[in-house]
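Novice: Structure of the sequence below:
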Amino acid sequence: MRLYISADLEGITGVSKWEETHKGNGEYEKARLQMTREVAAACLGALEAGADFIMVKDAHEDGKNLIHNMLPKEVKLLSGWSNHPYNMVEGLDASFDGVLMIGYHSGGHSNGSPLAHTLSIDSIRSLTLNGKKADEFLLYAEAAHFIGVPVIGVSGDGELIRRVKGFDSQIKTVAVQEGFGGAIVSIHPELAIGRIQKMAKKAVENATHFTMSKKEHYELKIEFKAHQDAYKYSFYPGVEQIGEYAIRLATSNYGEILALLLFI
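Specialist: Numbering: from 1, shown residues only. Sure thing, here's the model as predicted:
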């Protein structure tokens with residue numbers, strides 16, 4: 001069983017401030033350590049369930065957060081960014097049997113986390129994919145589905161997990177915290193690690209029974225914070241401007257959606 005894991009930081013247990021997500025301070029070092037431990041737990045659970053190949057993508061900021069020697073020795077780590085359109089799931093291909101997403105968070109349209117955002121904090125107000133508000137989970141779950149690989153497990157904040165269940169109830173999940181305003185209530189870090197390990201084990205055991213369908217059409221709408229950006233990106237091939245602050249791309253090829261996002 002070949003497993004792919006994408007790991008972010010804003011949905012890691014206890015993380016609630018931007019300082020914890022940026023290098024150069026002690027708060028980040030603590031968050032980075034917990035991120036590594038939660039990813040390691042997912043890897044251990046997957047190995048217990050029989051995974052024989054695990055690729056982990058460090059998908060936060062510069063892609064250099066996870067401490068590789070704290071992960072099981074069977075794990076390969078993809079760090080940094082190649083600038084491939086698959087972005088947070090770069091390196092994923094049809095040879096994989098499932099995807100886990102660890103440390104994911106609510107999108108920019110949501111109040112589910114003090115750190116809620118989708119891709120660019122500075123320029124994007126919200127994204128809509130096929131009529132649904134899009135977070136990073138949805139964008140890259142659809143990328144996986146497009147090549148026939150199911151997302152089988154997700155950990156992150158409670159609001160995101162409720163959206164994950166609405167997307168596909170087959171996905172195994174762990175909610176590590178709930179956000180409200182500028183605060184969070186999180187479970188104990190050790191409890192999160194144990195639950196993530198169990199979730200990953202169950203997800204891998206269930207992977208062969210997973211069913212999914214590929215969409216035939218995709219429509220992405222992006223609302224920017226600055227009207228200048230909507231005008232600028234309206235010149236991207238296939239894109240049309242729909243109002244002062246928004247653009248739209250409709251296609252049957254999800255790769256075109258991902259390519260547009262790469263250049264924003």
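Novice: where exactly do the strands run in the stretch 1-150 of the chain?
Specialist: 2-7, 53-58, 75-78, 98-104, 124-129, 132-133 (DSSP state E, counting those that start in this stretch).
Novice: out of those strands, deepest packed?
Specialist: Most buried of the strands of the stretch 1-150 of the chain by mean neighbour count (mean count of other C-beta atoms under 10 Å) is strand 98-104; its value is a mean of 28. C-beta coordinates here come from the backbone N, C-alpha and C atoms, glycine included.
Novice: strand partners of that one, parallel vs antiparallel please.
Specialist: With DSSP bridges as the test, strand 98-104 is paired with strand 2-7 (parallel), strand 151-157 (parallel).
Novice: From the chain's centroid, how far away is it?
Specialist: In terms of C-alpha atoms, centre = their mean, to the nearest Å, the centre of strand 98-104 is set 6 Å apart from its chain centre.
Novice: Run through who's touching it.
Specialist: The contact list for strand 98-104, computed with C-beta atoms under 8 Å, 6 or more residues apart in numbering, reads 1, 3-12, 35, 38-39, 42, 46, 60, 89, 92, 135-137, 140-141, 144, 149-156, 160, 196, 200, 203-204, 207, 210.
Novice: try stretch 202-214
Specialist: So stretch 202-214 is in contact with 1, 3, 45-46, 49-51, 97-98, 100, 145-146, 148, 150, 152-153, 168, 170-172, going by C-beta under 8 Å, 6+ apart.
Novice: Okay, and the beta partners of residue 75?
Specialist: Per DSSP bridges, the residues bridged to residue 75 are residue 54.
Novice: could the strands paired with strand 98-104 be laid out in JSON lines, adding distance to residue 21?
Specialist: As requested, those are arranged in JSON lines below (distance: least, C-beta to C-beta, whole Å):
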{"stretch": "strand 2-7", "distance to residue 21": "13"}
{"stretch": "strand 151-157", "distance to residue 21": "14"}
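Novice: domains for the protein, by residue range?
Specialist: 2-120+134-209, 218-262 (automatic domain parsing).
Novice: And these: which comes nearest residue 128?
Specialist: Residue 128 sits nearest to domain 218-262 of all the domains of the chain, at 4.3 Å, using C-beta to C-beta.
Novice: gap between that closest one and the chain center?
Specialist: 21 Å.
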